[in-house]
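# curious how this folds, go ahead:
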Amino acid sequence: MDQLALLFVLLLGAVVTVPLGERLGLPAPVLMTLLGVVLALLPFVPDVAFPPELILPLVLPPLLYATAQRTSWRQFAANKRPILLLAVALVLVTTAVVGAVAHTVVPGLPIAAAVALGALVAPPDPVAATAVAGSLGLPRRLVSILEGEGLFNDVTAIVVYHVAIAAVVGGAFSWTGAGVQLLLSAVVAVAAGLALGRLTDRLMGVLGDATLQTGLTLLVPFVAYVLAEELHGSGVLAVLVTALYLAEHTLDADDVMGRLTGRTFWEIVDTLVTGIAFGLVGLELSAVFGTAEGRELRMLGWGAVTAGTVIGVRLLWLLPATWLAKRLHTRRDTAEDIPMTWREAVVMWWAGMRGVASVALALAVPLRTEAGEPFPGRDEIVFLAFCVIMTTLVLQGLTLPALVRRLGVRADCDLERRLERDLAVRAARAAKRRLKEIQEDEELPEEVLERLQRVAYDLGARISPDLLDEERRSSAAHRADRVRELHRLHHELMSAARHEVLAARSEPGADPEIVDRVLRRLDVRSLG
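Alright, predicted model coming up:
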């Protein structure tokens, strides 16, 4: 098997593990990691020949962009306190504690190298946390905090990591310098992200076509990352800022095709890139264990201590941080999402899995210093990092569903139904207001007016059937049955038309481009 065949195996696994994970009740990223481990153990599977310095710029931008599209500026602003406690404070605390422990237990590991280890294992993976939390039916406030933490913690960790690596390579380390660099990196990233977001927004209007717009969004996260890195800013934060800007400014309620095309495209990208990323985590395992060289038991002991420290620090930080967030929470902070019970805090603790970013940073540790000497403790750093990644990703990922069920932490379905009902009422009222305005400006035939009134009346009920009482719900259900029957017959007619057009492809003298053009118009018409 060569590298290209291995890539196709990972892509196939990324597709297959999604329905398999749903059937088994397990997260797809965890299954992909296990698939990578199995592949790494097979003798005919080659070692991964993927430059580690390319993992972050090629994998993280599309994953972060896809995740950021599911949130908004307002959500971050409402949750600034819990996100800062997790994304900045917890990352710094974890880095310091893990660095101190690693410096103590690993003989000869310099403090700066130990800090680099702490920084690369400090950030929970945003992709793993979102994928796992989203499939378990957790309360929306917990998912929001995990998404916010996952999107921002990489920024803090990567800056501290680069400062620590520079200290080892160059021989000097300064916490003050690290703080200044973190601030400057954030400022540059925000400026670059906003500028690229504005430019992309204008380009979207120029392009117009949904296919071209979707293609542009594929390039945007990579451009944002590279641009910020070239300006010595945080590429991760730049991608996040650009994605949030576009999510707020490119919304067009009437751009149905663009929205459907973009959402479908990014779901595909998210699935495939996530699968490849976590497959690489498992594939690198055999190479990492090769660095132990007869010290397996001792290094496994160090790995257990490091993983235990990472997990323990998160728990010891989350419990008081949750209490503090609740104390600071006021009645005015109605939009702020915080864990409300100790059970929710425990779920958040166990959802702190490490993944792609930690793998990339571990493999990107330089081989030598500026003096030409071997990077001190590189083998130990990589080995301990993978111990933390595999422990948190596999152990916590496989047991989190059972923990959630045992603690009974579930989404508030009544609240979600109320929110859905409120939106349905607003949508129906907006349609009725617009119909009244049309009546005042235009003379509508009686049958057209009656049909439009029925559409406006039924709109809210179609979104949320709870709006109707029992008698009206039965009547609406009867009408819905008639509508479904009409849609079925409409589908049959459109299907016959599509089959006829496709058959024309095989006819002598047929122009495939014209056939595809007509077929696309039929497809668009079928959506209505």
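# C-alpha from now on. contacts and neighbour counts both.
Will do.
# keeping just the C-alphas, turn stretch 236-255 into CSV.
Output in CSV follows, covering the C-alpha atoms of stretch 236-255 (Å, rounded to 0.1, in the frame of the first residue of the first chain):
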residue,chain,number,x,y,z
VAL,A,236,-6.2,30.2,14.2
LEU,A,237,-7.7,33.4,15.6
ALA,A,238,-7.7,35.0,12.1
VAL,A,239,-9.7,32.1,10.7
LEU,A,240,-12.2,32.4,13.6
VAL,A,241,-12.6,36.1,13.2
THR,A,242,-13.1,35.8,9.4
ALA,A,243,-15.7,33.0,9.8
LEU,A,244,-17.7,34.9,12.4
TYR,A,245,-17.6,38.1,10.3
LEU,A,246,-18.9,36.3,7.2
ALA,A,247,-21.5,34.5,9.2
GLU,A,248,-22.9,37.9,10.4
HIS,A,249,-22.5,39.9,7.2
THR,A,250,-23.2,37.5,4.3
LEU,A,251,-26.6,36.4,5.4
ASP,A,252,-29.3,36.7,2.7
ALA,A,253,-32.7,35.4,3.7
ASP,A,254,-33.6,34.9,0.0
ASP,A,255,-30.4,33.2,-1.1
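# just the buried residues of that stretch, please?
Along stretch 236-255, these residues count as buried under the neighbour rule (16 or more other CA atoms under 10 Å): 236-247, 250.
# out of the residues you listed, which is nearest to Leu34?
Val236 (26.9 Å; CA to CA).
# what secondary structure does the residue nearest the centre of the chain sit in?
Residue closest to the mean C-alpha point of the chain, counted by CA atoms, centre = their mean, is Thr67 at 3.1 Å. Classification of Thr67 by DSSP: H, G, I helix; E, B strand; the rest coil places it in helix.
# how about Arg70?
coil.
# number of residues surrounding it?
Neighbourhood size, Arg70 [other CA atoms under 10 Å]: 12.
# repeat that for Pro57.
If you count neighbours by other CA under 10 Å, Pro57 ends up with 19.
# distance check, it against Met32.
The gap separating Pro57 from Met32 is 21 Å, by CA to CA, to the nearest Å.
# same thing with Leu183?
With CA to CA as the criterion, Leu183 and Met32 are 36 Å apart.
# ok, now Asn153?
23 Å.
# with Glu149 instead?
23 Å.
# what residues of the helix or strand where Ala345 lies count as buried?
For Ala345, the host element (DSSP states H and E) is helix 342-350. For helix 342-350, a neighbour-count test (16+ other CA under 10 Å) marks 343-350 as buried.
# show me how far the following helix or strand past it is from its chain's centre.
As assigned by DSSP H and E, the chain's next helix or strand after helix 342-350 is helix 356-363. From the chain centre to the centre of helix 356-363 is a distance of 17 Å (CA atoms, centre = their mean, to the nearest Å).
# which elements pack onto helix 356-363?
With contacts defined as 3 or more CA pairs under 8 Å, 6 or more residues apart in numbering; DSSP states H and E, the packing partners of helix 356-363 are helix 55-68, helix 111-121, helix 256-289, helix 378-390.
# avg pLDDT for the last one?
When pLDDT is averaged along helix 378-390, the result is 88.
# how is the protein divided into domains?
Domain ranges of the chain: 18-411, 412-467, 484-528, per automatic domain parsing.
# and among these, the most buried is which?
Most buried of those, by mean neighbour count (mean count of other CA atoms under 10 Å): domain 18-411, with a mean of 19.
# quick check: end-to-end length of stretch 79-94?
Taking CA to CA, stretch 79-94 runs 21 Å from one end to the other.
# likewise for stretch 64-80?
Rule used - CA to CA; the end-to-end distance of stretch 64-80 is 19 Å.
# and the helices in the stretch 51-200 of the chain?
55-68, 73-78, 80-84, 91-105, 111-121, 126-134, 140-170, 175-207 (DSSP state H, counting those that start in this stretch).
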